[in-house]
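J.: Need the 3D shape of this:
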Amino acid sequence: MARYLEERGILHDSGVWAKFLLVLPALLLVSGLFIGLFTSRDVRPEAFLATAMVSAAALLPMCGTVVIGVIACAGFIGLMVEFDALQDATACSELATLVAIAVFAVFLNRLLDRRAHQLVQVRSVAEIAQLAVLHPIPRHLGHVALETLYVSAAAEARIGGDLYEAIRTPHSVRLLIGDVRGKGLLAVQTAAMLLSAFREAAHDAPDLPQLARRLERSMSRNASQYPGLPGSEISERFITALLAEVPDDEPVVRTVTCGHPPPLLMRRGEVRELQLADPSPPLNLGMLVGDEYHVDLAPFHPGDQLLLYTDGVTETRDRYGCFYPLAQRIRLWNGERPRQLLEHLHRDLIAYSGGDLDDDVAVLVARRRPSFESEIGL
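T.: Sure thing, here's the model as predicted:
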């Protein structure tokens, strides 16, 4: 039954609040019958009975709505018999009103069921479209173990522009995480352009600055040639992105950031944010402010983990409006492998936000595997 409320977009968890909503129509019905039976005749129960039927239409399936409506009308007739009011014009008028409300509740329940079914279909199409853009990433690329997390915003059936990718080159593993400004089809179109450019350029660009320049040129060219949807001016289609490279022969990680949040490095119980000496502008804005890209270098030894994320993680708020303290929370699970780490993070984000994430979330975790793990295929 709690899943029924989720499909209707009324609730996003199955806790105490969900259980209360499911029994609310019955509570209103019982309260109305109690008031009608045990209080003075000047206190009318119709308001409770009508509210019970309307709330059943919003919260219960069709069978529950019908049962509540039948009991409410039958109960009111029983009250009329009890107080010898079958010939009372006012009571008969009130009964007719309750019957009309019961019929309306059934009609309303049917409309809400159709809307919920359409919403489920739209969400399904959105997920398929997102997966078409975000290809599954292998769990192992050479000496790097990878895991990803993507969570669509729960409030709406929408697709966004959060993206990630990992490519194995002859001498390294190259990673990308990004966030397109805006939502909807335009964001997906822009994300698809960037991912296509990265998958092509990552193999032969000699270094990360050259890779970033090629992505910048590709995005600018595509944005000008394919303006897309109305309101899609080039200046409005920028992408924050972070490029990372884990070379085969050096225990380091190189990063280039283009207006994107810095990654977190996890090592032996320590979690630290990688310092960015000279951040570059988001992609598709290089033509306006220059395309100089600075490489940041950090040690990345076997067993170390790198967490790349979009701002949907750090901008998640609790009920007091406080942002999610990512670095602080990640310390709790620092010893976990990537898959378990992301499972903990996912559950914690849902709990922290009260089950109401208002932005898409994308996370990529890369772990440099010790040589013995690579040899035995762990």
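J.: Flag the shaky bits of the stretch 101-250 of the chain, pLDDT-wise.
T.: Under the criterion pLDDT under 70, the flagged ranges of the stretch 101-250 of the chain are 123, 126-132, 153-160, 184, 223-237.
J.: hey, where'd the helices end up in it?
T.: 184-201, 208-225 (DSSP state H, counting those that start in this stretch).
J.: Show me which residues of the first one are buried.
T.: Applying a neighbour-count criterion of 16 or more other C-beta atoms under 10 Å, the buried positions in helix 184-201 are 186-195, 197-198, 201. Just so you know, the C-beta spots here come from the backbone N, C-alpha and C atoms, and that holds for glycine as well.
J.: now the helix or strand where Ala298 lies, how far from the chain's geometric center?
T.: According to DSSP states H and E, Ala298 maps onto strand 296-299. Computed by C-alpha atoms, centre = their mean, to the nearest Å, the chain-centroid distance of strand 296-299 equals 31 Å.
J.: And it, what does it pack against?
T.: strand 252-258 (3 or more C-beta pairs under 8 Å, 6 or more residues apart in numbering; DSSP states H and E).
J.: Mind checking what helix or strand follows the strand it packs on in sequence?
T.: strand 264-267.
J.: now that next one, how far from the chain's geometric center?
T.: Per C-alpha atoms, centre = their mean, the centroid offset for strand 264-267 relative to its chain is 25 Å.
J.: if we look at it, which residues are touching it?
T.: Strand 264-267 has contacts (C-beta atoms under 8 Å, 6 or more residues apart in numbering) with 253, 271-274, 298, 300-301, 303-307, 309, 326-327, 330, 334.
J.: out of these, which are inside helices?
T.: Leu326, Ala327, Ile330 (DSSP state H).
J.: Turn the helices of the stretch 101-250 of the chain into JSON lines, including distance to Arg319.
T.: Shown next, in JSON lines, are the helices of the stretch 101-250 of the chain (distance: least, C-beta to C-beta, whole Å):
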{"stretch": "helix 184-201", "distance to Arg319": "28"}
{"stretch": "helix 208-225", "distance to Arg319": "38"}
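J.: quick one: which of these is nearest Arg174?
T.: helix 208-225 (7.3 Å; C-beta to C-beta).
J.: Show me what that closest one is packed up against.
T.: Counting contacts by 3+ C-beta pairs under 8 Å, 6+ apart, helix 208-225 packs against helix 184-201, strand 239-247, strand 252-258, helix 286-289.
J.: so who does Cys73 touch?
T.: Contacts of Cys73 by C-beta under 8 Å, 6+ apart are Leu95, Leu98, Val99, Ala102.
J.: Report the buried members of these.
T.: Leu95, Leu98, Ala102.
J.: With adjacent residues omitted, what lies nearest to the last one?
T.: In this structure, Ala102 finds its nearest non-sequential neighbour in Gly69, 3.4 Å apart by C-beta to C-beta, 6 or more residues apart in numbering.
J.: Many thanks, we can stop here.
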